[in-house]
Every structure is written in C-alpha cells, then in structure tokens.
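S.K.: sequence plus the predicted model coming up.
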Amino acid sequence: MTWIELSLKEWQRRPLRTGVTTAGVAIAIAALFSLLAFQRGYRDGVRNELDRLGAHVLVAPKGCPYDAASMALHGASWPCYLKQTYLDEVRAVRGVATAAPVFMAAVDDADGTQAVYVGVETNILALKRGWRIEGNFPGRDGDLLAGAEAARRNGWQVGSTVRLPGLREQTGRVTGILAATRGADDAFIYLRLADAQRRFNHPGELTHILVRLADPNDLDNAVAQLRGCDAGLAMNVVPLAHVFHTIQSLVNSTRLLLGCIALVALLVAGTGVSNTILMAVAERRRDIGVMRAIGASRRDIFRLIWLETVQVCVTGAVLGVAAASLASHAVETWVRSRLPFAPTDALIHWEWWIVAASLACAVILGSVAGFLPAWHAASVSPTTAIRTGGRT
Amino acid sequence: MNFATEQNDPAVSATSLTRIYPRGREQVQALDRVTFNIERGEFAAIVGPSGAGKSTLLNLVGCMDAPTSGTLQLFGRPVQELTEQGRTQFRRDQIGFVFQHFGLLPTLTVAENVALPAFFAHRRRGRHIGELLEKVGLDHRRDHRPHELSGGEMQRAAIARALINTPSLLLADEPTGNLDSTTGDSIIALFEELNREGLTIIVVTHNAVLAGAARRQIELGDGRLVSDNGVAINNLTVKQMATYGQ
C-alpha cells in the first residue's frame, strides 16, 4: 500500500460527490487551458499569416489600415485602387529591396463559392520564399498558378486548360500548382498582373503593393520616406509589425477579461474542493481518530488529506485538458465567428507546456485548497477513537 | 509469538495520576490521584460504572492524552515527558488498540486494515499479515471489506490489526460490547490465548465474563481507584497503592 493508493481508496466512499467536485475543477482547468491555447494560437496565427505575406510594409489605398491588411491577407474585392505609377516612387525609396505590385479581386462562382484572383509579377517570388511550385510560374497572359486548395477544389492538373470560376466564358492554362502553405494562398488563383488587370477592367491600377525591406530594422525610416514621397498622400503605408502589435493589443483586453473569468472559475473550483474535503473530514472524524490511535502522526493525516485534495484537482485537470482538447474544434469555430480578425491558422493551438502549466496550476490549486482541510484533519485527537468506540 | 521482554520495569506504573478537563468555566476532574502498577504479562480489567474515569485512564495509558499531574511510566518510560510526536511514536511501536466498534476503515480490505499500523510505522509486514489473519481465523477473508464481515470477524480483524506492529501492550475498550455472548466468548478466548503467549492486556469492560477472564480487576469510581482485585484501597497510603499488586 502507498500513500497515493490509500488516498485513492477514499474516493470510493462518496463517488458522486468526488465526481462533481472533480468536474468543477475540470471546467475551470478547461477554461484556463483553452485560454492559454487560444493566446498561443492566435498570436502565432497572426504572426504566421503576416510572415506568409512576406512583406514588411503594405502599401494600400487610403482607408482603414486594418481592413486593408485583412483584405490583403484573406483575399477580397477592393473598393478603391492605387495608380500603378506609384510603384516607381515606392521602389525609389531607399531601403526597399522588393516592391511587388498586386491586383486582387474576388468573384462568386455559380455554385456560390468565392474565387480570389491575384495578379502579380515574378518578383512576388522574392517575398514568397516558402512557396513550392509544381510546374512553372505564369509566363504569359492566360497562364495561372493555382493554390493547393483551389486546384483540389476545381480538380485542376498542371498543363490543363480550365474554365476560370466566377469569370464567365474565360479560360486559362494551369502552368503551376502551389504546394500547400496552410495559409490563404492555398485558395488563391494567381495570374500575371497585366492579365488580371485586363480581365477585371482595371488596367494600370493596383489594389496594393507588398514591400520587403533590405533591413527590417530600418522599418520606421522606410515608412517615413514612403509617407513623404509624392504619392504618399494617396497611399496608406501600413507597417505590418504595427498591425501585428495593434491586433494583439486589441485582443489583449478580451484576453484579460477571459483570464479574469478563468481565474474566478479556478477560485470557485478551489473553494468548492476545499469545502468538499472539509465536509469529508468532518464525516471521517472518527476514522481519522482511529488512524491517529493506531499510529498515524499529525503529519501522516495532513499528508493523506492533502494528497486526496491534490488528486481530485489533478484528475480534474487531466479531464479538463482532455475535454478542452476534444472540444477545441467547436470552440475555435465559435471564437472565429466572433473575432473581427481571425488568421487562417488554428486559433486553439496547444503545446505541451500549456498542458504542463494547466497541471501545475491544478497542483497549486489542490495544495492551497487542501491546506485547511488537511490542517483541520491533523488536529483531530486520537482520543476521538475511544470517545466514539472506534465507530466508523 | 513471544511478547516477553527481559526488563523488569512494570508494563504500567501510574502514580497519583490526575486528569482535569476544562468544561467552559468549570473544571471536571476525570481522574483523581490514581495509583497502580500492572506487571508485564498481566491480563487486567478496568471496571466501574459509566463516568468512573475508565476511558480517561485508557487514553492516558494509550498515550493519546497527557495527565494534568502525576506520573505514568510504560515499560519504564515516563510517557508524560513525551512530546505529541513522541507519544504517537510510542503508541505506534508499543501499543495495540481494540475498540468497541472495531474501528475498521470501510474503504480498505481486511488485509489492508490489518496492515495500516505497519504502514504508518513505515514497515513492510506482508508475511506477518498472513500469519496474524490465520491466527485470528480470517485468512479466507483477507480481501473482504468490513461490511462483508460479521461482528465477531470484524473484531478479530481489529485484533489482528492491533498486533501487526508486535506491541508490548494491548488495550481494549469494551471489545465485546458490540457482540453477542457467543461471539464475545470467542474474543475472550483469543485474548486469553494472546495473554498466555506473554502479551500484557488491559481491557476496559462492563462484561463480567471478560472481567472474570482477566486475572486482575481494577475498579474505578468517580475518577478514583476503588478496589484492586476486590480489595478496597481507601485506607491504603499512596506508597502502599504504588506497590500493590507487585
């Protein structure tokens, strides 16, 4: 027999009560686990999404910079355009390594699905360094490069001539298919810039320009120059690092609120556990007296009750983490539908350190919650056994 | 099984043992200058009406409580000088307890209940558990839980538990109080057998048969020693009382 076995035996005495108490801890730990996993997932998701864009600065038409970032990241039809002539001014700014012009448009196909067309030049490859292309980048008008998901959904093969979804009676030739990037690029259809402008009747216009700097540490200086150039008044220069920090700070307030809720849930669960174990100690007073009479020290009794409390909390934590993991898909769907900006990556992204932190939190919770009942139990006199005749 | 020791100190030596409990503003004198000796290997019964101080005396002799005044030596060791931790250790190593209502933990099997004092003493007694259960006739019940046993079987299990750490002294509080007479007789027979093997036994009882089985009866009344083996001791001096029964 070990201390853990001995304390586990006590669970059999009131299985329903133990179960309800454990469930309370499980709910609190599930909330904490989900919050930590969301914090991690959301931050990594936004960062990855911006990284996949491959740019340090987004140059877009005047308007809300976050709308512009969201449209550039997820694909949409833009309400206004930049003149292509601005591109030369952007390229002339010192420190700009690559300025990739983009024309983007989204159209609905007959079946209701949305197709996002992105017109680009070959210098986009300087930004999208993670791309793996089966076949070739579009070399002439009519060629297209399909994202992995777009190719899969439409059943496209490299070399085939296909109907362009959402564009009536227009066709193109698939010269390449992108390997899956796990980002929005997977759903895009890339055309040559001039081809896209012509198909959507916007020749000489761009939706945005993706700018990569030679030295990312020179961001502020480059942004100041871009805003100060002749076209600066007509352009919205959006440093993507600032977008990242702003989105994070917007979400931080929500996260703080959720963190407070998780903390309150933990405190309520801890109080519930403490109360339950106190009740159990009161009911087992005679048993504890017998144990003291037959040789258990105060420390032994303290350890036994404290272990029981920690076991309840750790079991609750294991169940809570498991439940949160199983429910993460549903939680993610719910959270995604309510966020103003949600990256395409998984929002609930757990790692082993989050599991370890949740379990550690349960151990701390159990230790604190178990202190009072354990101290109370340790103070039971062995004379209780004689007074009650050893009745258990 | 041999409980005999080589030392000559009495098993219990109480001198002017007094215990006063506070009850609100009042003080209740549960034991009043009780003096007696019990030798090693004796089988003694403490008798008397309810409120006579029997349980208080058992608490003191069982190292579960400390006297207000007086001295108490167990096997030559002045236990009133022991700390709480020291009393726990002495109780665990030297004393076995048998309770009226058995005191078996309901969530443990018979074998686990028997092993519990050894567990608290950090001792491994696997083989000894089997021997003890065989001795009390419960080896076939080792994996049963207390609620699956009869009263007599529960008390036998409790006796096996009391013996697991090979104590020098067995204390029993009304061990037949919750049993029918036939079952009670078998428990008395078991006590007699253990005493014949050299174990010092002190029982607190109202059961005349059990008290009769003990070779010595110490009678308490109103917290005082009334008689020892039928001899009234009102007129004895403290010194005479201390040597009485030697």
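M.R.: Now that the structure is in, tell me what you want to look at.

S.K.: where does pLDDT dip in the chain?
M.R.: Just going to use chain A. Applying pLDDT under 70 to chain A flags residues A:340-341, A:385-392.

S.K.: let's do chain B instead
M.R.: In chain B (pLDDT under 70), the answer is B:1-7, B:233-246.

S.K.: so what touches the longest helix anywhere in it?
M.R.: Across chain B, the longest stretch assigned as helix under DSSP state H is helix B:181-196. Applying C-beta atoms under 8 Å, 6 or more residues apart in numbering or on different chains, the contact partners of helix B:181-196 are B:1, B:3, B:41, B:43, B:136, B:150-152, B:155-156, B:159, B:163, B:170, B:172, B:175-176, B:179, B:201, B:203, B:207, B:209-210, B:213. Quick note: C-beta positions are derived from backbone N, CA and C, even for glycine.

S.K.: of the residues you listed, which belong to strands?
M.R.: Cross-referencing these against strands under DSSP state E gives B:Phe43, B:Leu170, B:Ala172, B:Ile201, B:Val203.

S.K.: A:Thr384: which of the residues you listed is nearest?
M.R.: Nearest to A:Thr384 out of the ones in strands among the contacts of helix B:181-196 is B:Ala172 (C-beta to C-beta; 17.2 Å).

S.K.: so that closest one bridges to which residues?
M.R.: Here B:Ala172 sits in beta bridges with B:Val98, B:Val203, going by DSSP bridges.

S.K.: kindly provide the distance from it to B:Phe102.
M.R.: 11 Å (C-beta to C-beta, to the nearest Å).

S.K.: and if you look at B:Pro10?
M.R.: 29 Å.

S.K.: more neighbours: these two, which one.
M.R.: Higher neighbour count among B:Pro10 and B:Phe102: B:Phe102, with 26 against 20, using other C-beta atoms under 10 Å in any protein chain shown.

S.K.: wait, B:Phe43 touches B:Gln217, no?
M.R.: No. Using C-beta atoms under 8 Å, B:Phe43 is not in contact with B:Gln217, being 10.3 Å away.

S.K.: the one residue in chain B that gets nearest to chain A: how many residues sit nearby?
M.R.: Going by C-beta to the nearest C-beta, chain A is nearest to B:Phe99 of chain B, at 2.3 Å. When neighbours are counted by other C-beta under 10 Å, B:Phe99 registers 29.

S.K.: can you list the residues of chain B near chain A?
M.R.: B:55, B:58-59, B:62, B:64-65, B:84-85, B:88-89, B:91-93, B:97, B:99-108, B:112, B:115-117, B:119-121, B:146, B:158, B:161-162, B:165, B:173-174, B:177-178 (C-beta under 8 Å from any C-beta of the partner chain).

S.K.: let's go with 7 Å and repeat that
M.R.: Within chain B, the residues that sit near chain A (C-beta under 7 Å from any C-beta of the partner chain) are B:55, B:58-59, B:64-65, B:85, B:88, B:91-92, B:97, B:99-108, B:112, B:115-117, B:119-121, B:161, B:173-174.

S.K.: out of these, which are buried?
M.R.: Neighbour-count burial (16 or more other C-beta atoms under 10 Å in any protein chain shown) applied to the residues of chain B next to chain A gives B:55, B:58-59, B:64-65, B:88, B:91-92, B:97, B:99-105, B:107-108, B:112, B:115-117, B:119-121, B:161, B:173-174.

S.K.: now, those that are in helices?
M.R.: B:55, B:58-59, B:88, B:91-92, B:112, B:115-117, B:119-120, B:161.

S.K.: closest residue of the stretch 151-300 of chain A to chain B?
M.R.: A:Gly295 (3.1 Å).

S.K.: do a quick rundown of the helices in the stretch 251-392 of chain A.
M.R.: Applying DSSP state H, counting those that start in this stretch to the stretch 251-392 of chain A gives helices spanning A:285-293, A:298-326, A:328-336, A:352-378, A:383-387.

S.K.: next, count neighbours for residue 113.
M.R.: Just so you know, I chose chain A. Neighbours around A:Thr113, by other C-beta under 10 Å: 13.

S.K.: that was the other one, I meant chain B.
M.R.: Using other C-beta under 10 Å: B:Asn113 sits among 27 other residues.

S.K.: swap in A:Glu49?
M.R.: By other C-beta under 10 Å, 23 other residues sit near A:Glu49.

S.K.: same question, the one 5 residues further on
M.R.: Look at A:Gly54: counted by other C-beta under 10 Å, it has 20 neighbours.

S.K.: repeat for B:Glu134
M.R.: Counted with other C-beta under 10 Å, B:Glu134 comes out at 13.

S.K.: mind listing what's buried in the one helix or strand it maps to?
M.R.: Element membership for B:Glu134 (DSSP states H and E) is helix B:126-135. For helix B:126-135, the buried set under the neighbour-count rule, 16+ other C-beta under 10 Å, comprises B:His128, B:Ile129, B:Leu132, B:Leu133, B:Lys135.

S.K.: ditto for stretch B:220-231
M.R.: Here stretch B:220-231 shows B:Leu220, B:Gly223, B:Arg224, B:Leu225, B:Val226, B:Ser227, B:Asp228 as buried, counting by 16+ other C-beta under 10 Å.
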